[in-house]
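Participant: this one's sequence-less:
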């Protein structure tokens, strides 16, 4: 899919995703080694966006499995279309038992769910397993077969093996420790907060109207806030929100009033706002 | 495999060093790493670093170990930088400029020159080496702050004071900190050329924070541990919930099983399990917060506080040589773990006539004043090194507490072989209550997961 690491960065940038060298290298390796990619990191740094960008670059279909507490086999893998099976049985009254049995457990009555969809068919696909840590431990066991051998076993049908391996991205917010078995099958990528230079480029790309000097100040203030011990440090998503807010407010430089009025865009807890205001020498709120 | 000679050896050496630091790396991952080397080539060192990290590591915590080890096995260069002896003042000038421009590549080169010019010590072949400490001591990069500040201002063209400029000092301090880390890894690299690299990778690279001895952890490692308390608590809560589920599959209730068997002619067809009453246990923590063990106590208090919703009641007491309740302080202080020990010191009465810890008096006072905090549903944890400073250990008080409580555990941050040496009363206490060695965060989470009542 990609010829070099630089190729990855360049093509991801075309879709509007600016990748750090670490991200580009790992995406390149995941493609080369044919291994799933496990992405961890704080909320709002673009974990899900990465999968979407890769799908766009590869001109592939994005198959998404959103994990939540209680997601199970029939939501993730496949399900038999029970109603249709009943219809089939009542339609063919004169058949022998053997005929009916082999027929109702055929592909026609199978409802594929994301994992099965991703490995069937010949078109390129990107499988995104989002928020893997929200799913129960049992689901991880389900994923193991898919992730290591790219196959799914349906007892009545046999094993479905991928003819064309999908590019797999798993994301996690580390609200639960994923099992060692799952981690071992993946390449691990931690997306942290971007370096100043990269973040400036991101702001420039997403909020083109903002002046150069203001962009620089915004990124510096955000960098300083991240170094503080806050309950929820601002993420890239907040940086962009803030830049948009400043643009909408028509500010051309940062000053105390502007920062004080818009601090709520980047910090989401009252304690944090107070702490940041003290640190930035803003007057009492 | 078409990798250049020596790379497989370096790779396996790297993996060996990572394993020695407790990172679990399997053979499969090593093979993947080799394939990654093949795919990426050896031209760009930073790409190689990211590639190996992606294939070998499974979590974020290991990155702090991986980076220095990688620097040892895949060094930036070999030998001296070859610029000749550097002059201290001239180096400082150039460093100030590099810091002002935030030029990382130049800073790395300067770090190499500085170690070469200022860090060497010893002259005989076996006792010489390079010292990061000596380099930094002579170079004193932290005193450059004011010069760098003016440098940055000039660079910006001397416009009016901008809002973001008030952050400048912190930014410069972070840059200096980055430079210090560069000097450290450069000195390690130079030493590694002389000595056994494998040995150095095991000894000279700091272990991950959860494997550092509480008693020897530095300030930033303790800060890292405090930040880790919340996620660790979340993990432990899941483990406790699992234990609770397992424990709920109770024993057979004989009376109700027999009563039920009457309808089947006395044959117990359907065993009835005893119902468990959901009792949430109570927890009492007695923490020695004197200087020697305060890092350990702080961390444990935060951890237990983060776990508080698992228990019906958590009470925390701190002592040095007098005891006082600090539960309330922990409660509203969840947002600020940094200042915890300072607040405890300021707001609780912990010392009487002198400032050193006295277990006998403190435990005696607890048994007397707060005796009713301990009941048959209470599990008591005592945290401390049991060093009584030669005073009476007051064993009867401990016995009284142990009799009233459901369980008493003592967590001791000292190595087991140190127990009983000097003024330690550990063996005497260990006869009365269960004492566990608890030197690192890793040990602590294991113990907490096992010992906490469900």
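Facilitator: It's in. Only a predicted model underlies this, so the values are computations on that prediction, with no experimental measurement involved.
Participant: how about the helices in chain A?
Facilitator: Ranges of helices in chain A, per DSSP state H, are A:5-14, A:21-33, A:47-57, A:73-76, A:82-91, A:97-104, A:114-119, A:137-149, A:180-184, A:196-206, A:212-227, A:236-249, A:256-266, A:270-279.
Participant: want to throw those helices into TSV with mean neighbour count?
Facilitator: Yep, even glycine has a C-beta here, placed from its N, CA and C like the rest. Shown next, in TSV, are these (neighbours: other CB atoms under 10 Å in any protein chain shown):
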stretch	mean neighbour count
helix A:5-14	18
helix A:21-33	24
helix A:47-57	21
helix A:73-76	16
helix A:82-91	12
helix A:97-104	12
helix A:114-119	22
helix A:137-149	17
helix A:180-184	17
helix A:196-206	17
helix A:212-227	19
helix A:236-249	19
helix A:256-266	17
helix A:270-279	16
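Participant: would you list those in CSV and tack on mean pLDDT and distance to residue B:73?
Facilitator: What follows is the helices of chain A, written out as CSV (pLDDT from 0 to 100; distance: least, CB to CB, whole Å):
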stretch, mean pLDDT, distance to residue B:73
helix A:5-14, 93, 21
helix A:21-33, 93, 18
helix A:47-57, 93, 29
helix A:73-76, 88, 41
helix A:82-91, 86, 58
helix A:97-104, 79, 59
helix A:114-119, 91, 38
helix A:137-149, 86, 29
helix A:180-184, 87, 22
helix A:196-206, 91, 28
helix A:212-227, 87, 31
helix A:236-249, 91, 33
helix A:256-266, 85, 40
helix A:270-279, 84, 40
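Participant: of all the ones you listed, which lies closest to residue B:69?
Facilitator: Minimum separation from residue B:69 across the helices of chain A (CB to CB) falls at helix A:21-33, 17.3 Å.
Participant: Just want the angle from that closest one to helix A:196-206.
Facilitator: Here helix A:21-33 points in a direction 80 degrees away from that of helix A:196-206 (axes from the mean of the first three to the mean of the last three CA atoms, to 10 degrees).
Participant: quick one: pLDDT of residue B:38?
Facilitator: Predicted confidence (pLDDT) at residue B:38: the value is 90.
Participant: how many neighbours does it have?
Facilitator: Using other CB atoms under 10 Å in any protein chain shown, residue B:38 has 15 other residues around it.
Participant: same check, this time on the one 5 residues further on
Facilitator: Residue B:43 has 7 neighbouring residues, counting by other CB under 10 Å.
Participant: Over to it. Which of the three states is it?
Facilitator: Secondary structure state of residue B:43, per DSSP: H, G, I helix; E, B strand; the rest coil, is coil.
Participant: Would you map the strands across the stretch 351-454 of chain B?
Facilitator: B:378-383, B:407-412, B:434-437 (DSSP state E, counting those that start in this stretch).
Participant: Identify the residues contacting stretch A:107-120?
Facilitator: A:63-65, A:74-81, A:84-85, A:88, A:125, A:127, A:142-143, A:146, A:150-152, A:154, A:157, A:160-162, A:165-166, A:168 (CB atoms under 8 Å, 6 or more residues apart in numbering or on different chains).
Participant: What about these, which are in strands?
Facilitator: A:63-65, A:78-80, A:125, A:127, A:151-152, A:154, A:160-161, A:168 (DSSP state E).
Participant: Pull the most distant pair out of the residues you listed.
Facilitator: Farthest pair in the ones in strands among the contacts of stretch A:107-120, by CB to CB: A:80 and A:168, 25.2 Å.
Participant: of these two, who's got more company?
Facilitator: More neighbours surround residue A:168 than the other of residue A:80 and residue A:168, with 27 against 15 (other CB under 10 Å).
Participant: could you show me where the helices are in the stretch 51-200 of chain B, in order?
Facilitator: B:63-73, B:88-101, B:104-118, B:132-139, B:145-155, B:168-194, B:197-203 (DSSP state H, counting those that start in this stretch).
Participant: The ones you listed into JSON lines, with extra columns for distance to residue A:37 and mean pLDDT?
Facilitator: As requested, the helices of the stretch 51-200 of chain B are arranged in JSON lines below (distance: least, CB to CB, whole Å; pLDDT from 0 to 100):
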{"stretch": "helix B:63-73", "distance to residue A:37": "17", "mean pLDDT": "87"}
{"stretch": "helix B:88-101", "distance to residue A:37": "36", "mean pLDDT": "84"}
{"stretch": "helix B:104-118", "distance to residue A:37": "27", "mean pLDDT": "83"}
{"stretch": "helix B:132-139", "distance to residue A:37": "36", "mean pLDDT": "83"}
{"stretch": "helix B:145-155", "distance to residue A:37": "39", "mean pLDDT": "81"}
{"stretch": "helix B:168-194", "distance to residue A:37": "28", "mean pLDDT": "83"}
{"stretch": "helix B:197-203", "distance to residue A:37": "28", "mean pLDDT": "72"}
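Participant: With mean neighbour count added, can I get the ones you listed in CSV?
Facilitator: Shown next, in CSV, are those (neighbours: other CB under 10 Å):
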stretch, mean neighbour count
helix B:63-73, 20
helix B:88-101, 17
helix B:104-118, 21
helix B:132-139, 18
helix B:145-155, 15
helix B:168-194, 19
helix B:197-203, 17
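Participant: Include distance to chain A when you put those into a markdown table, please.
Facilitator: A markdown table is the format used below for the helices of the stretch 51-200 of chain B (distance: least, CB to the nearest CB, whole Å):
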| stretch | distance to chain A |
| --- | --- |
| helix B:63-73 | 7 |
| helix B:88-101 | 13 |
| helix B:104-118 | 10 |
| helix B:132-139 | 22 |
| helix B:145-155 | 11 |
| helix B:168-194 | 6 |
| helix B:197-203 | 21 |
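Participant: closest to residue B:318 out of the ones you listed?
Facilitator: It's helix B:63-73; of the helices of the stretch 51-200 of chain B, that one is closest to residue B:318 (CB to CB) at 30.7 Å.
Participant: How far off centre is that closest one?
Facilitator: Relative to the centre of its chain, helix B:63-73 is centred 18 Å away, using CA atoms, centre = their mean, to the nearest Å.
Participant: Spell out which parts of chain B neighbour chain A.
Facilitator: Among all residues of chain B, those adjacent to chain A (criterion: CB under 8 Å from any CB of the partner chain) are B:24, B:26, B:28-29, B:32, B:35-36, B:39-40, B:44, B:46-47, B:50-51, B:53-55, B:57-60, B:63, B:162-164, B:166-167, B:170-171, B:174, B:231, B:234-235, B:238, B:335-336, B:338.
Participant: Any of the residues you listed buried? List them.
Facilitator: Neighbour counting with 16 or more other CB atoms under 10 Å in any protein chain shown marks B:29, B:32, B:35-36, B:39-40, B:47, B:50-51, B:53-55, B:57-59, B:162-164, B:166-167, B:171, B:234 as buried within these.
Participant: Can you tell me how far residue B:54 is from residue A:3?
Facilitator: Remark: distance between residue B:54 and residue A:3 (CB to CB, to the nearest Å) = 19 Å.
Participant: for residue A:156, same thing?
Facilitator: Residue A:156 is 43 Å from residue A:3, by CB to CB.
Participant: Have a look at these two and say which one is more surrounded.
Facilitator: Between residue A:156 and residue A:3, counting by other CB under 10 Å, residue A:156 is the more crowded of the two (12 against 9).
Participant: list the buried ones in stretch B:381-390?
Facilitator: Neighbour-count burial for stretch B:381-390 [16+ other CB under 10 Å]: B:381-388.
Participant: Let me know the average pLDDT across that stretch.
Facilitator: 85.
Participant: So what touches that stretch?
Facilitator: Under CB under 8 Å, 6+ apart, the answer for stretch B:381-390 is B:215, B:283-288, B:292-293, B:296-297, B:300, B:304, B:356-360, B:393, B:408-414, B:419, B:422-426, B:429, B:433, B:435, B:451.
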